[in-house]
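> After the sequence you'll find the predicted model.
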Amino acid sequence: MATTVLRRNSVSTKIISHFAREVGGRYLCCVLKPLCASIISSPYDELEVDPMQLGSAAAPRRIAANMTRLTARCQEVVNAIVASVPRCPASLRVLCSEIKRVVL
């Protein structure tokens, strides 16, 4: 039962989903919007790691450099989310805590 608590198509899961989108969406938008804008404004190919997308002449060093940049950008996103935990709406934290309690 606990493993399916969020998989059921019930009124309660729809309410939880809507609440999380409304409250969590605004929170994540505030946290991630500046980072996303920075990533979007950077040259499109500096984060590409697929040799097929870079062209057959893509040097392994270029792919490695892009992988390093991509990894750093991903870490920035994780760091931003972790650093923003104190700003996470209390109601969302309570919801997540209750879901964890029910599932575990």
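That came through, no problem.

> By residue count, tell me the biggest helix in this structure.
Secondary structure of the chain per DSSP state H: the longest helix is helix 60-83.

> Report the buried residues of it.
Buried residues in helix 60-83, counted by 16 or more other Cβ atoms under 10 Å: 62, 66. C-beta here means a position set from N, CA and C on the backbone, and glycine is covered the same way.

> taking the mean pLDDT, what do you get for that helix?
Averaging pLDDT along helix 60-83 gives 93.

> any residues touching it, and which ones?
With contacts defined as Cβ atoms under 8 Å, 6 or more residues apart in numbering, helix 60-83 is touched by 28, 31-32, 35, 39, 45-49, 51, 54.

> chain center to the helix or strand just after it: distance?
Remark: after helix 60-83, the chain's next helix or strand is helix 90-103, criterion DSSP states H and E. Centroid separation between helix 90-103 and its chain, computed with Cα atoms, centre = their mean, to the nearest Å, is 19 Å.

> Give the buried residues for helix 90-103.
Of the residues in helix 90-103, 92, 95 count as buried by neighbour count, 16+ other Cβ under 10 Å.

> pull the CA atoms of it into PDB?
Provided in PDB are the C-alpha atoms of helix 90-103 (Å, rounded to 0.1, in the frame of the first residue of the first chain):
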ATOM      1  CA  ALA A  90       6.800  25.300   5.200                       C
ATOM      2  CA  SER A  91       3.600  23.800   3.800                       C
ATOM      3  CA  LEU A  92       5.600  22.000   1.100                       C
ATOM      4  CA  ARG A  93       8.100  20.700   3.600                       C
ATOM      5  CA  VAL A  94       5.200  19.400   5.800                       C
ATOM      6  CA  LEU A  95       3.600  17.700   2.800                       C
ATOM      7  CA  CYS A  96       6.900  16.000   1.800                       C
ATOM      8  CA  SER A  97       7.500  14.900   5.400                       C
ATOM      9  CA  GLU A  98       4.100  13.300   5.600                       C
ATOM     10  CA  ILE A  99       4.500  11.500   2.300                       C
ATOM     11  CA  LYS A 100       7.900  10.200   3.600                       C
ATOM     12  CA  ARG A 101       6.300   9.100   6.800                       C
ATOM     13  CA  VAL A 102       3.600   7.200   5.000                       C
ATOM     14  CA  VAL A 103       5.900   5.600   2.400                       C
END
